[in-house]
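Q: Got a predicted model here, sequence first, then my questions.
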Amino acid sequence: MSRISVPTTARLPSSLRVNPSSTTVTKILSRLSRPSLISVALDWLDEDNLSLATPYLRPDQDDDEEEDDGDFYPPASSPEELREEYLSLQNRKGSKREILDRIVTGDWRHGVSLYQLAIADLQYLYDHPTSQKWSAYKIVPLKAPTEDDNGEVQPLEADKTSLYIPRFHPSLFLKSLQAQILPDIKAHYNLDRHKTLPLLILRIFVIDSPYNTPLSLSSTGNIDTGSKTILIAFPDGSPNIFISKPTSTGPTGASESKSLRALLVEGIPKALSLPRQRVTLQSTSLTTRNLEELLDRRGATRGNAAGGGWSIYADEKVKESPLSTVLPSPPLSDAAEEEERAVGDKKRRERPTVEERVNKRAKLVAQARFGDTARVGDGKGVERVDLVMEDVFKIEGDDADRMDIDGEDGEEEAWRPKVRLTFHGSHVFAGIRQLVECGVIDGERMPGWMTGEEGVTIGAVRNGRIRGHKGSGL
Amino acid sequence: MSSPPRTSPQPPTLDDEISALQSKIKTLKSALALQTSTLLTAPTTLTLLSTDPKLQSRSSLHQSHHLQTLYRTCATLTLFRAQDPDPNAVDAGSILGLRIEVVSRAKFLRPYYVLFNRPWTSSSSLPESQKKWLRVHRHTVPSCVPLSGLAARYLPAPEKDDNKRRKQDLGKFARGVRREVVRYHARLGTVADLRKAAGLAGRGEGNGSGLVDISPADAEVRHVSVEWGDGRTGRLVIGDDGEVVKLVVVGENGRDREGGRELLGGLGQAGTVKAEEIVKRLAAMGGT
């Protein structure tokens, strides 16, 4: 370990240890539950990770003096012993505090490496899948730079006719991303596959320091005041990426974390670009905490541009082989038939009441408008939808005359009041579906943007349709 | 956890019987539907049906469906009409659907759909011919197919400027999308075949070729990463027509040209070898 700190442009090494008493370490570790803490510790002690997460072991084997020097957590003699210890802790009951203390003041008293912190941080993501707010971006190819008559380089435009699908190579990407990061901040990168979802997660941990030595981490806490974490998820088989909102330790302003995100949004396309194949990131107006929803709308599925009622075209379970000569039953007819029969058996004599018929009709309409999406339990919900209405306000009868008098003259032909709508909830579109099913919303006259078929959470409605179609369609 | 689980050697319970019967009902029902459709379209029954108008209408329904499946099987690109449920939809919600059939591993997959609408029908500034131009509304094509690029090439939006005006060509667009989709599935199939040939498909050990993993490395499955047991890794780049464009094998001491040639099967250079030949070569290695 060098004694002098020299500013470098290199990244922070994974094995770099952070003082366990710093707020960052405490913050990352203390938000995990007891079982998660133990599994993280066992993960650290795994053969493959041991080199980056070496625990504090008894320095000398011969020194068999009983360690009664007041050490509350006597160091183990080998990683295997420690593993046994944690396995036994797993079966015992106890408090979270006990494990946390053991890690911080006992087994990793000499420091917790950045790699360990990354593992612990990801464990928190698995425990709380909705802890991060993700925005989906689309990777789009750019046109080759052109020069105008004066020899000035024109601003790059998205190449709409390109047939090139950007590809992602993790190690190459990290190398070129490092080149984009400014030299006065240092970053630690950790790539990991998501345990259950088809995602590759890149965790970037940034500190405000030009040095990459332990000093930069220990000295009165650069790490505590100016460290930020940002997660980037790369879905398999899809030219989209998801970027999380940066979380920071210490009192940093919102503007600062915003600027880091902006910096990354600028740097990522450069890192993804190859010679003669430049790409850029385009926002797709979809921001949610739910990774599954993001994968459903921007991943490698068929439902990307066929949401809501259109999902019947994307449903892979439906068999529709052209070799089958059996007459297909159009969607809804099976359910309708089945239901009719059930009702018919029960009350063959008495005809269904008006209320029953209305209810049934509302259910069918909801099925037609939403398809199999927007179910309460499907785990694919967005929690917030913001819309701006830009529709013409229709005025009829007397009101129209009055409006003419005090309104502007023929200049502005139609009055478009500025109305903002925000839907909030655990699963916004499932809620709308339920309202349709109960008959509160008339499902047949409901505009299409209320079904969530566009797959956006931010949008402007004009003429009853979401304008721009940034999300689906083209 | 309230009731203890039943032990297995007990005689079949009532529930099992019911589920068995229900599955039987299901099979019989599908058999019945198949027989009905076969009977109703058989030429011999057609003459018998001529007296009953109800049966006749039913029969003609089946016949038209047969014709449709015939087109779907043979032409693989078919069009249909649909209705947009959105009350604010453009052009009163009429939708033109394009159905693309894909065969993979000797089976028809669920078709891919591209749905078009005509957003310019009501705009007065455009000439009559351009009002009926199509625009991609919804689709289920995988995201690794450059649908937007193809749409921008063959289905451009109408331009008021006469000089810039181009024509829309739905046929070229449809063929382009189908080509990409079929290639994508062919590449996926090749990777699956490679895995099978290397003995990686099942749980079992590799068949002695020394390969540990073969997996697609990018969204389009154009790059395939290959891993050997001894730490060598390789990259295979598959071209448009299934040929191996590039092949690189990297060992511990830098690039391993010998290993690359071995994988190509001594057949020569990359670019002349098809990915399928590597499959065959791997399979042969497993056989001996």
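A: Received the coordinates, thanks.
Q: where does chain A have its least confident helix or strand?
A: Here the helix or strand of chain A ranked lowest by mean pLDDT, DSSP states H and E is helix A:398-406, holding a mean of 46.
Q: Tell me the first helix or strand C-terminal of that one.
A: Downstream of helix A:398-406, the first helix or strand assigned by DSSP states H and E is strand A:419-424.
Q: Just the residues contacting that next one, thanks.
A: Residues from elsewhere that reach strand A:419-424 (Cβ atoms under 8 Å, 6 or more residues apart in numbering or on different chains): A:383-389, A:431-432. For every residue, glycine as well, the C-beta is placed using N, CA and C.
Q: go again using 6 Å as the cut-off
A: Applying Cβ atoms under 6 Å, 6 or more residues apart in numbering or on different chains, the external contacts of strand A:419-424 come out as A:384-389.
Q: From those residues, list the buried ones, please.
A: The neighbour count (16 or more other Cβ atoms under 10 Å in any protein chain shown) marks A:385-387 as buried among the contacts of strand A:419-424.
Q: Give me the subset of these that also touch chain B.
A: Contacts with chain B within the buried ones among the contacts of strand A:419-424, counted by Cβ under 6 Å from any Cβ of the partner chain: none were found.
Q: and the residues you listed as a markdown table, adding distance to residue B:147, pLDDT and secondary structure?
A: Conversion of those to a markdown table gives the following (distance: Cβ to Cβ, whole Å; pLDDT from 0 to 100; DSSP: H, G, I helix; E, B strand; the rest coil):
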| residue | distance to residue B:147 | pLDDT | secondary structure |
| --- | --- | --- | --- |
| A:385 | 26 | 88 | strand |
| A:386 | 28 | 88 | strand |
| A:387 | 26 | 87 | strand |
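Q: from the residues you listed, which is closest to chain B?
A: Closest approach between those and chain B, by Cβ to the nearest Cβ: residue A:387, at 13.8 Å.
Q: what does the stretch 151-300 of chain A have sitting close to chain B?
A: Where the stretch 151-300 of chain A comes near chain B, counting by Cβ under 6 Å from any Cβ, the residues are A:160-163, A:165, A:167, A:237-238, A:300.
Q: Generate TSV for those residues, with pLDDT, distance to residue A:268 and neighbour count as supplementary columns.
A: Compiled in TSV, those are given as follows (pLDDT from 0 to 100; distance: Cβ to Cβ, whole Å; neighbours: other Cβ atoms under 10 Å in any protein chain shown):
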residue	pLDDT	distance to residue A:268	neighbour count
A:160	72	21	15
A:161	73	24	15
A:162	77	19	19
A:163	80	22	16
A:165	80	17	20
A:167	79	14	17
A:237	80	19	18
A:238	83	15	22
A:300	81	20	17
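Q: Go through chain A and flag its longest helix.
A: Taking DSSP state H as the criterion, chain A has its longest helix at helix A:254-272.
Q: any idea of the mean pLDDT in stretch A:434-451?
A: Stretch A:434-451 shows a mean pLDDT of 87.
Q: does chain B sit close to that stretch?
A: Yes - on the criterion Cβ under 6 Å from any Cβ, stretch A:434-451 is in touch with chain B at A:445, A:447-448.
Q: Tell me how chain B divides into domains.
A: B:77-168, B:189-287 (automatic domain parsing).
Q: Lowest mean pLDDT across the ones you listed, which one is that?
A: Mean pLDDT is lowest for domain B:189-287 out of those, coming in at a mean of 76.
Q: which helices and strands sit right next to the helix or strand where residue A:287 lies?
A: Element membership of residue A:287 [criterion: DSSP H and E] is strand A:279-288. For strand A:279-288, the elements it packs on are strand A:134-141, helix A:254-272, judged by 3 or more Cβ pairs under 6 Å, 6 or more residues apart in numbering or on different chains; DSSP states H and E.
Q: Could you list every helix and strand that the following helix or strand past the shortest one packs against?
A: Beyond strand A:134-141 on the C-terminal side, the first helix or strand identified by DSSP H and E is helix A:170-180. For helix A:170-180, the contact count by 3+ Cβ pairs under 6 Å, 6+ apart identifies helix A:254-272 as packing neighbours.
Q: For the residue in chain A that chain B sits nearest to, which non-adjacent residue is closest in space?
A: For chain A and chain B, the shortest gap (Cβ to the nearest Cβ) falls at residue A:464, measuring 2.8 Å. By the measure of Cβ to Cβ, 6 or more residues apart in numbering or on different chains, the closest residue to residue A:464 outside its immediate chain neighbours is residue B:88, 2.8 Å from it.
Q: pretty sure the one you found contacts residue A:447?
A: Yes - taking contacts as Cβ atoms under 6 Å, residue B:88 lies within contact range of residue A:447: 5.3 Å.
Q: intersection of neighbour lists for these two?
A: Shared contacts of residue B:88 and residue A:447, defined by Cβ under 6 Å, 6+ apart, comprise residue A:464.
Q: so where do the strands sit in the stretch 51-200 of chain B?
A: With strands called from DSSP state E, counting those that start in this stretch, the stretch 51-200 of chain B shows them at B:77-83, B:94-100, B:103-104, B:107-108, B:112-117, B:135-139.
Q: From residue A:87, how far out is the residue nearest to residue B:140 when sequence neighbours are not counted?
A: Among residues not flanking residue B:140 along the chain, residue A:302 sits closest, at 4.0 Å (Cβ to Cβ, 6+ apart). The gap separating residue A:302 from residue A:87 is 44 Å, by Cβ to Cβ, to the nearest Å.
Q: Of the two, which one has the most company?
A: More neighbours surround residue A:302 than the other of residue A:302 and residue A:87, with 19 against 12 (other Cβ atoms under 10 Å in any protein chain shown).
Q: Could I get the pLDDT score of that one?
A: pLDDT recorded at residue A:302 is 82.
Q: Quickly note the distance from it to residue A:324.
A: Distance from residue A:302 to residue A:324, counting by Cβ to Cβ: 20 Å.
Q: Please apply the same query to residue A:287.
A: According to Cβ to Cβ, residue A:287 stands 42 Å off from residue A:324.
Q: ok, now residue A:386?
A: For residue A:386, the distance to residue A:324 - Cβ to Cβ - is 45 Å.
Q: likewise residue A:46?
A: Residue A:46 sits at a distance of 50 Å from residue A:324 (criterion: Cβ to Cβ).
Q: Those two: which is more packed in?
A: residue A:324 (16 against 12).
Q: Can you classify the more buried one as helix, strand or coil?
A: The local conformation at residue A:324, judged by DSSP: H, G, I helix; E, B strand; the rest coil, is coil.
Q: What is the neighbour count of residue B:252?
A: By the criterion of other Cβ under 10 Å, residue B:252 has 8 neighbours.
Q: wait, residue A:170
A: 13.
Q: Quick check: beta-bridge partners of the nearest residue to it once chain neighbours are set aside?
A: Residue nearest to residue A:170 in three dimensions, not counting chain neighbours: residue A:191, with 5.5 Å by Cβ to Cβ, 6+ apart. Listed by DSSP bridges, the beta-bridge partners for residue A:191 are residue A:202.
Q: likewise residue A:240?
A: Under the criterion used (DSSP bridges), residue A:240 bridges to residue A:138.
Q: secondary structure class for residue A:377?
A: helix.
Q: Give me the neighbour count for it.
A: As a burial measure, residue A:377 scores 8 neighbours (other Cβ under 10 Å).
Q: Now do the same contact list for residue A:371.
A: By Cβ under 6 Å, 6+ apart, the residues touching residue A:371 are A:309, A:311-312.
Q: From residue A:391, how far out is the residue in chain B that chain A sits nearest to?
A: Here chain B gets closest to chain A at one residue, residue B:88, 2.8 Å apart by Cβ to the nearest Cβ. From residue B:88 across to residue A:391, the span is 9 Å (Cβ to Cβ).
Q: now the residue most central in space within chain B, nearest residue through space, not along the chain?
A: Nearest to the geometric centre of chain B sits residue B:102, at 4.1 Å (Cα atoms, centre = their mean). Spatial nearest neighbour of residue B:102, excluding adjacent residues (Cβ to Cβ, 6+ apart): residue B:109 at 4.7 Å.
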